[in-house]
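Visitor: missing the sequence, but the structure's below:
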Ligand SMILES: [Zn+2]
């Protein structure tokens, strides 16, 4: 395996920040420049004030990366503009896109934990850790990640996909839901599926995970087989659901998502199963 291109780090290097890449965010937008259709990020020397207070993220192929937030009422500097970070998928290098995700999460954590929730004191950064701490009561504040499960349910050559009432566009996807306090991941999968479509599962298996900084969550993917029950949508979160085979596929989620990876993996398995030889 080739060495990882991005090496995360918390401790701020002693190097000057002039040549560092600055991942400047506001909400889920990123500050970028665009030249002849190509996206580029500002460097520390272009935005010294933002660079000075930015959080170190790590190095991308040896280049220091920092995350900063553009204050709410500040106009983007000349030559730069805010664009939805998610829309950069496929337009920038994959390793760089992953750093954008980290930057969104780190900047959000930094601006929302400036004060202690217990006593209102200003918090300070903790050296050597990704944490802020209250100097009075010592409460630490780490970036928050909300785990969520996502599951592809199959029945022979068919998969159960659902259209979420809140999804942008009318695509059908796998079922997903946030983990409740006190629940195991397996319990979350069973509960969410029961609530959303009313069916029973068997042979639950872990598939893989994907950080999803756009919702500050970590998606934990599973596959499961149908074990019984008729589809009954809850009518609130899920607008409609049904069984889909490779020859009657609906509009599917974007390739970036683990939902699509689960679906594509299943389609490849069905194809291999049904190919003679
Ligand atoms: Zn405190």
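Guide: Perfect, I can see it now. Values in this document were obtained by computation on a predicted structure and should not be read as measured data. Numbering: from 1, shown residues only.
Visitor: Any idea what the residue nearest the centre of the chain is bridged to?
Guide: For the chain, the residue nearest the mean C-alpha position is residue 212 (1.0 Å; Cα atoms, centre = their mean). As for beta bridges, residue 212 partners with residue 217 under DSSP bridges.
Visitor: Just to check, it is in contact with residue 219?
Guide: Yes - the pair formed by residue 212 and residue 219 meets the contact definition of Cβ atoms under 8 Å, at 5.0 Å. To be clear about C-beta, it is placed using only N, CA and C from the backbone, and glycine gets the same treatment.
Visitor: Name the residues contacting each of these two.
Guide: Contact with both residue 212 and residue 219 is made by residues 148, 258, according to Cβ atoms under 8 Å, 6 or more residues apart in numbering.
Visitor: ok now do the nearest residue to residue 230 once chain neighbours are set aside, which residues does it touch?
Guide: Distances taken as Cβ to Cβ, 6 or more residues apart in numbering put residue 198 closest to residue 230, at 6.9 Å, once the chain neighbours are dropped. Residue 198 makes contact with 229, 230, 231, 232, 233, according to Cβ under 8 Å, 6+ apart.
Visitor: Before we move on, what's the pLDDT of residue 198?
Guide: On the pLDDT scale, residue 198 is placed at 95.
Visitor: from here on, count from 43
Guide: OK, 43 is where the count begins now, so the last one is residue 240.
Visitor: Next one: it from the ion, what distance?
Guide: According to Cβ to the ion, to the nearest Å, residue 240 stands 45 Å off from the ion.
Visitor: Over to residue 190?
Guide: 29 Å.
Visitor: does that residue belong to a helix or a strand, and which?
Guide: strand 188-197 (DSSP states H and E).
Visitor: Now the element after that strand, going C-ward?
Guide: strand 200-206.
Visitor: now that next one: how far from the chain's centre is it?
Guide: Relative to the chain's own centre, strand 200-206 is displaced by 21 Å; criterion: Cα atoms, centre = their mean, to the nearest Å.
Visitor: quick one: average pLDDT of it?
Guide: The pLDDT scores in strand 200-206 average 95.
Visitor: list the buried ones in whichever helix or strand comes after it?
Guide: Using DSSP H and E, the helix or strand that follows strand 200-206 in sequence is strand 217-220. Buried residues in strand 217-220, counted by 16 or more other Cβ atoms under 10 Å: 217, 218, 219.
Visitor: cool, and stretch 190-205?
Guide: By 16+ other Cβ under 10 Å, the buried positions in stretch 190-205 come out as 190-196, 199-205.
Visitor: With stretch 56-69 instead?
Guide: Here stretch 56-69 shows 59, 62, 63, 64, 65, 66, 67, 68 as buried, counting by 16+ other Cβ under 10 Å.
Visitor: and if you look at stretch 180-190?
Guide: Here stretch 180-190 shows 183, 185, 190 as buried, counting by 16+ other Cβ under 10 Å.
Visitor: Then stretch 96-116?
Guide: Neighbour-count burial for stretch 96-116 [16+ other Cβ under 10 Å]: 96-102, 106-112.
Visitor: Among those, which one lies nearest to the ion?
Guide: Proximity of the buried residues of stretch 96-116 to the ion (Cβ to the ion) peaks at residue 97, which lies at 20.7 Å.
Visitor: what pairs with the residue nearest to the closest one when sequence neighbours are not counted across the strands?
Guide: Setting aside the residues directly before and after it, residue 97 is nearest to residue 109 in space (Cβ to Cβ, 6+ apart), at 4.9 Å. Beta-bridge pairing of residue 109 under DSSP bridges involves residue 65, residue 97.
Visitor: Roughly how far does residue 109 sit from residue 95?
Guide: According to Cβ to Cβ, to the nearest Å, residue 109 and residue 95 sit 10 Å apart.
Visitor: Just put the buried residues of stretch 96-116 in JSON lines and tack on distance to the ion.
Guide: Output for those, formatted as JSON lines (distance: Cβ to the ion, whole Å):
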{"residue": "96", "distance to the ion": "25"}
{"residue": "97", "distance to the ion": "21"}
{"residue": "98", "distance to the ion": "25"}
{"residue": "99", "distance to the ion": "26"}
{"residue": "100", "distance to the ion": "29"}
{"residue": "101", "distance to the ion": "33"}
{"residue": "102", "distance to the ion": "35"}
{"residue": "106", "distance to the ion": "31"}
{"residue": "107", "distance to the ion": "30"}
{"residue": "108", "distance to the ion": "27"}
{"residue": "109", "distance to the ion": "24"}
{"residue": "110", "distance to the ion": "25"}
{"residue": "111", "distance to the ion": "23"}
{"residue": "112", "distance to the ion": "28"}
